[in-house]
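K.L.:
One predicted model, sequence on top.
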Amino acid sequence: MTETPQFISNMKPFIQKAWEKAGFEQGTPIQEKAIPAIQEGRDLIAESPTGTGKTLAYLLPLLEKIDPAKQSIQAVILASSRELVMQIAEEIRTWAEESGITGAAFIGGANLKRQLEKLKKRPQIIAGTPGRLYELISQKKIKMHEVKTIVLDEGDQLLVPEHMGTVRNIVKATLKDRQVLLFSATLPPHTEKLALELTDDPTIIRIGKDENIPSKVDHIYFVSEKRDKIKVLEKISRLKDLKGLAFANDIGEITVIGEKFDFKGIELNILHGESNKMEREKSLRNLRSGKSPLLLATDVAARGLDIKGLNTVVHLDVPQSTDQYVHRSGRTGRAGASGTVMSIVTEREERELKKIARELGISVSKKDFYKGEIVDAK
């Protein structure tokens, strides 16, 4: 029997119970470092790669601090995308079980009247997109005077010109002794500068790529002519037990591939910035349930998606930076699981891919298809 991490054994019984139920063995480095700092009441700026357990790193100490007897909002979590907000809301529901704590989610584009109904249930912890939350604060529907903690999840996506003013106003709507926590997979200098303005003498935690639970991820690639990439993708989509997310850089390309697959009667879901809410939900449902083995998306559309059991990530184009390679590839092999990252490259792109691999210190091996199976390239 593995030992429960120290930070969990010091928490309330409902959290310990949920931890056992989730079957986690150990905490991840970001959890080990962030949870004690948050419990001390410090402001925090944390950088840790995708898939390293950031959500629980802030959610568990938040739930620990909430007083279920108080019928007021005590913690607010901001995220830039609707998907991420819904995922956070799902985690709150899972981890707050048997605690008497109520959570709610507020997203732009959703029916306002229904969202106001949620406030009647007096949630103590809420997650939301900045625009919608600020709208409700301005209408005095959400009262911030008892909020002790504000979390900015995927901070690099929130501290951008389109959200910055709103985020600042939301933070200002709370009392002076609030705690501000910012988590991000990447923390470029300009984001960090803005984060420092919103926080008060914060603890800064950076978890390097090499500090995380070693996941068993293979990095492989196929070389093909540009026009034949779709054929390689088709072969990948037919692999047994595939649950994959494929990335392309451009919406036009995604639409064309979607139409070609459709014409051949191959199940493929697509997701891009212009997909509407219904299309998004259907695509995700089909992938999660296994009805469709592959989801093709742009980076923007896939931001914040966390699909349990995703075993494959496909790069249809070479990522434009090591960060993009890490962000995309981090969707598989989460928290120690195994997975495969596949790139489909032209001969010219093969050089770029090898350069990225060198910078990241990973090895990529060249493969081919033979009778529908992946084999080493000759």
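P.N.:
Thanks, I have the structure now.
K.L.:
Could you give me the buried positions within stretch 293-301?
P.N.:
By neighbour count on 16 or more other Cβ atoms under 10 Å, the buried set for stretch 293-301 is 293, 294, 295, 296, 297, 298, 299, 301. Bear in mind the C-beta positions are built from the backbone N, C-alpha and C, glycine included.
K.L.:
which of those residues has the weakest pLDDT?
P.N.:
Within the set of the buried residues of stretch 293-301, pLDDT is lowest for residue 301 (67).
K.L.:
Can you report how many residues lie near residue 234?
P.N.:
17 (other Cβ atoms under 10 Å).
K.L.:
Now residue 254: which helix or strand?
P.N.:
Using DSSP states H and E, residue 254 sits in helix 251-264.
K.L.:
then that helix to PDB, C-alphas only?
P.N.:
Provided in PDB are the C-alpha atoms of helix 251-264 (Å, rounded to 0.1, in the frame of the first residue of the first chain):
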ATOM      1  CA  ILE A 251      -8.900  26.000 -39.900                       C
ATOM      2  CA  GLY A 252      -9.100  25.700 -43.700                       C
ATOM      3  CA  GLU A 253      -6.900  22.600 -43.700                       C
ATOM      4  CA  ILE A 254      -9.000  21.000 -40.900                       C
ATOM      5  CA  THR A 255     -12.200  21.600 -42.800                       C
ATOM      6  CA  VAL A 256     -10.800  20.000 -46.000                       C
ATOM      7  CA  ILE A 257      -9.500  16.900 -44.100                       C
ATOM      8  CA  GLY A 258     -12.900  16.600 -42.400                       C
ATOM      9  CA  GLU A 259     -14.700  16.600 -45.700                       C
ATOM     10  CA  LYS A 260     -12.400  14.000 -47.200                       C
ATOM     11  CA  PHE A 261     -12.700  11.700 -44.300                       C
ATOM     12  CA  ASP A 262     -16.500  12.200 -44.400                       C
ATOM     13  CA  PHE A 263     -16.600  11.300 -48.100                       C
ATOM     14  CA  LYS A 264     -14.700   8.100 -47.400                       C
END
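K.L.:
pLDDT of that helix, averaged?
P.N.:
Rounded mean pLDDT across helix 251-264 is 80.
K.L.:
Let's verify residue 369: helix, strand, or coil?
P.N.:
Classification of residue 369 using DSSP: H, G, I helix; E, B strand; the rest coil returns strand.
K.L.:
Same question for residue 288.
P.N.:
Criterion first, three-state DSSP; result for residue 288: helix.
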